[in-house]
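Chemist: no sequence on this one, just coordinates:
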């Protein structure tokens, strides 16, 4: 179903919007490898295990969650469907998934929160040159009852997104941040990002927000270790969906060394190319605590609005549950390296 949504979305969306959502940086080698790398990890099932009852739950930020799936932050969702971010939020709430709302949302974060009541939600933050603008976004997230602040750290400025440039993408729905900063073009929004952001700035956002901080965009083990020292609650192993620097490691390939560097001291999440429930099982077996999925949910939204996004998430959760049974590991929290191996070349 998720692959069907992807194909249909390519037909439904105009060329500019589809090019923006589907595209990556440079020659898109990393974009393609994000998916291919999970295929290089093979599952190694155990047999004659009682799997009549399975437990998909995981622990994240000290709380038990129904399953390991979060909705990755995706910008400009009203460009995909009129349901936009509120539709995705409703889909996440209906499936027990945590939605991570992008700071480039086309809907007020408080409006998104109001649509889903007490459902779990996190807020993703870009740090702009105008720090006051970033703090205004944090204030809106805090007012909207968001549980955690996910600071993207791999975007000092926009990567070379040639497909987006060729497609001529323009926004027909201005993002919420435009109401704070004034109408901007896509290039102007990218230029807003602060290239001077350093480790010294992270603690200030945590203190100002009063929320646990998760850093998104970690690929190097040394940065993972430094994140622990910085006092954050978690990190996301991520290459920004292959949209920033081409030819960097995939999440699947970067995950193991990062997990080793963290050594269980903070939560480790991973994104990039996760398209099936068994991909999530592989991620947890490699040491991740949870996974984020972006494009599969977006394609569902583009095709059928909130209902399509919900169907995409339901499929992922169902596949994950089935994988636990067929893998002979009835509890998600028991997945470890014994259930995976690198596929022979």
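Modeler: Thanks, I have it. Just so it is clear, the model here is predicted, and its values are computed rather than measured.
Chemist: can you tell me which residues contact the closest residue to residue 233 other than its chain neighbours?
Modeler: Leaving aside its sequence neighbours, residue 233 sits nearest to residue 212 (Cβ to Cβ, 6 or more residues apart in numbering; 3.7 Å). (Glycine included, C-beta is placed from N, CA and C.) Residue 212 makes contact with 61, 147, 148, 149, 206, 232, 233, 234, according to Cβ atoms under 8 Å, 6 or more residues apart in numbering.
Chemist: go on, residue 84?
Modeler: Counting by Cβ under 8 Å, 6+ apart, residue 84 makes contact with 77, 78, 106, 107, 173.
Chemist: Spatially nearest residue to residue 336, not counting backbone neighbours?
Modeler: Leaving aside its chain neighbours, residue 336 sits nearest to residue 285 (6.0 Å; criterion: Cβ to Cβ, 6+ apart).
Chemist: Present the contacts of residue 84 as a markdown table; the columns should include neighbour count and distance to residue 42.
Modeler: Formatted as a markdown table, those follow (neighbours: other Cβ atoms under 10 Å; distance: Cβ to Cβ, whole Å):
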| residue | neighbour count | distance to residue 42 |
| --- | --- | --- |
| 77 | 30 | 35 |
| 78 | 19 | 40 |
| 106 | 21 | 40 |
| 107 | 21 | 41 |
| 173 | 14 | 43 |
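Chemist: Where does pLDDT dip in this protein?
Modeler: Low-confidence segments of the chain (pLDDT under 70): 1, 181-184.
Chemist: Strands of that one, start to end?
Modeler: Counting by DSSP state E, the chain has strands at residues 41-43, 58-60, 63-65, 69-71, 98-101, 121-125, 149-152, 213-218, 234-237, 267-271, 290-293, 340-342.
Chemist: Distance of the residue nearest to the spatial centre of the chain relative to residue 291?
Modeler: In the chain, the C-alpha nearest the mean C-alpha coordinate belongs to residue 72, at 2.5 Å (Cα atoms, centre = their mean). Using Cβ to Cβ, to the nearest Å, we find residue 72 at a distance of 9 Å from residue 291.
Chemist: what touches both of those two?
Modeler: residue 271.
Chemist: what's the closest non-adjacent residue to residue 306?
Modeler: That would be residue 87: by Cβ to Cβ, 6+ apart, it lies 3.4 Å from residue 306.
Chemist: and if you look at residue 217?
Modeler: residue 154 (3.0 Å).
Chemist: Residue 340 too?
Modeler: Here the residue nearest residue 340, using Cβ to Cβ, 6+ apart, is residue 285, at 4.5 Å.
Chemist: check contacts around that neighbour.
Modeler: Counting by Cβ under 8 Å, 6+ apart, residue 285 has contacts 43, 335, 336, 337, 338, 339, 340.
Chemist: By neighbour count, which of those wins?
Modeler: residue 335 (24 neighbours; other Cβ atoms under 10 Å).
Chemist: so residue 28 makes contact with residue 246?
Modeler: Yes: between residue 28 and residue 246 there is a contact at 6.9 Å, judged by Cβ atoms under 8 Å.
Chemist: Which positions within stretch 63-82 qualify as buried?
Modeler: 65, 67-81 (16 or more other Cβ atoms under 10 Å).
Chemist: What segments of the stretch 201-345 of the chain are helices?
Modeler: Assigned by DSSP state H, counting those that start in this stretch, the stretch 201-345 of the chain shows helices spanning 221-229, 251-262, 277-285, 295-327.
Chemist: Single out the most deeply packed of these.
Modeler: helix 277-285 (a mean of 25; mean count of other Cβ atoms under 10 Å).
Chemist: hmm, back to that, distance to residue 254 added to the contacts of residue 285, as JSON lines?
Modeler: Converted to JSON lines, the contacts of residue 285 look like this (distance: Cβ to Cβ, whole Å):
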{"residue": "43", "distance to residue 254": "20"}
{"residue": "335", "distance to residue 254": "19"}
{"residue": "336", "distance to residue 254": "19"}
{"residue": "337", "distance to residue 254": "16"}
{"residue": "338", "distance to residue 254": "21"}
{"residue": "339", "distance to residue 254": "20"}
{"residue": "340", "distance to residue 254": "15"}
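Chemist: Based on its surroundings, how many neighbours for residue 266?
Modeler: What residue 266 shows, counting by other Cβ under 10 Å, is a neighbour count of 20.
Chemist: Tell me which residues touch it, please.
Modeler: Residue 266 touches 227, 228, 232, 233, 234, 235, counting by Cβ under 8 Å, 6+ apart.
Chemist: switch the cut-off to 10 Å
Modeler: For residue 266, the contact set (Cβ atoms under 10 Å, 6 or more residues apart in numbering) comprises 61, 212, 214-215, 224, 227-228, 230-235, 289.
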